[in-house]
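> 3D, please:
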Amino acid sequence: MSMNLSGSIVEIMDEQQVTDTFKKREFVVEYAENPQYPEYIKFELIQDKCALLDAHKTGDKVVVHFNLKGRKWTDRDGQVKYFNTLQAWRLEADGGVQPSTPDQAPMEGLSEPGWIADDKEDDLPF
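Numbers count the residues shown, from 1 in each chain. As a prediction, this is how the structure comes out:
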């Protein structure tokens with residue numbers, strides 16, 4: 001499910017190398033539809049999309065294009081857990097549309113990293 005949201009970047013985390021073949025980078029956007037009660041929304045970028053944050057800094061107003069992802073994971077004890085992720089695939093300065101480039105295309109059709117399917121691990125996969 002592809003969506004977008006406008007807000008200000010309030011935090012940019014360091015890139016994390018999760019496995020040899022998988023990396024991610026998280027950031028937080030303040031969404032103030034009602035300025036009296038702002039929301040702080042955490043997004044993640046994966047793989048080559050991590051570099052999209054290099055052009056932005058804290059305080060920048062941006063439009064975040066993202067996919068809502070949901071995962072089911074079963075731990076060693078057979079307990080089922082569910083996780084939601086807001087996976088960003090495009091960032092643009094709010095008020096100015098940046099042209100779409102091939103590396104800013106939606107992430108539909110990309111395969112999931114191998115660690116997601118590995119239910120034998122005791123630790124969470126992220």
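
> lowest-confidence helix or strand of the protein?
helix 114-117 (a mean of 50; mean pLDDT, DSSP states H and E).

> Identify the residues contacting Lys81.
With contacts defined as CB atoms under 8 Å, 6 or more residues apart in numbering, the neighbours of Lys81 are 72-75, 124. From N, CA and C alone the C-beta is placed, and that goes for glycine too.

> buried set for the helix or strand containing it?
Using DSSP states H and E, the secondary-structure element containing Lys81 is strand 80-93. By neighbour count with 16 or more other CB atoms under 10 Å, strand 80-93 contains the buried residues 85-92.

> Now render these as TSV, adding distance to Leu52.
Formatted as TSV, the entries for the buried residues of strand 80-93 read as follows, by distance: CB to CB, whole Å:
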residue	distance to Leu52
Thr85	16
Leu86	14
Gln87	12
Ala88	7
Trp89	8
Arg90	7
Leu91	5
Glu92	10
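
> export the residues you listed to a markdown table and tack on distance to Val64 and pLDDT?
A markdown table is the format used below for the buried residues of strand 80-93 (distance: CB to CB, whole Å; pLDDT from 0 to 100):
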| residue | distance to Val64 | pLDDT |
| --- | --- | --- |
| Thr85 | 13 | 94 |
| Leu86 | 8 | 95 |
| Gln87 | 10 | 95 |
| Ala88 | 5 | 96 |
| Trp89 | 9 | 95 |
| Arg90 | 8 | 94 |
| Leu91 | 6 | 93 |
| Glu92 | 9 | 92 |
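
> tell me the two of those residues that are most distant?
Thr85 and Glu92 (20.6 Å; CB to CB).

> what about dumping the CA coordinates of the helix or strand hosting His65 to PDB?
Take DSSP H and E as the rule and His65 turns out to sit in strand 61-74. Backbone C-alpha positions of strand 61-74 (Å, rounded to 0.1, in the frame of the first residue of the first chain) are rendered in PDB as follows:
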ATOM      1  CA  LYS A  61      10.300  19.900   5.300                       C
ATOM      2  CA  VAL A  62       9.800  16.900   3.200                       C
ATOM      3  CA  VAL A  63       7.200  14.700   1.500                       C
ATOM      4  CA  VAL A  64       7.800  11.100   2.300                       C
ATOM      5  CA  HIS A  65       6.500   8.500  -0.200                       C
ATOM      6  CA  PHE A  66       6.300   5.100   1.600                       C
ATOM      7  CA  ASN A  67       4.800   1.600   1.600                       C
ATOM      8  CA  LEU A  68       3.000   0.200   4.600                       C
ATOM      9  CA  LYS A  69       4.500  -3.200   5.300                       C
ATOM     10  CA  GLY A  70       3.300  -5.900   7.800                       C
ATOM     11  CA  ARG A  71       5.100  -9.000   8.800                       C
ATOM     12  CA  LYS A  72       4.300 -12.100  10.800                       C
ATOM     13  CA  TRP A  73       7.100 -13.800  12.700                       C
ATOM     14  CA  THR A  74       7.100 -16.900  14.800                       C
END
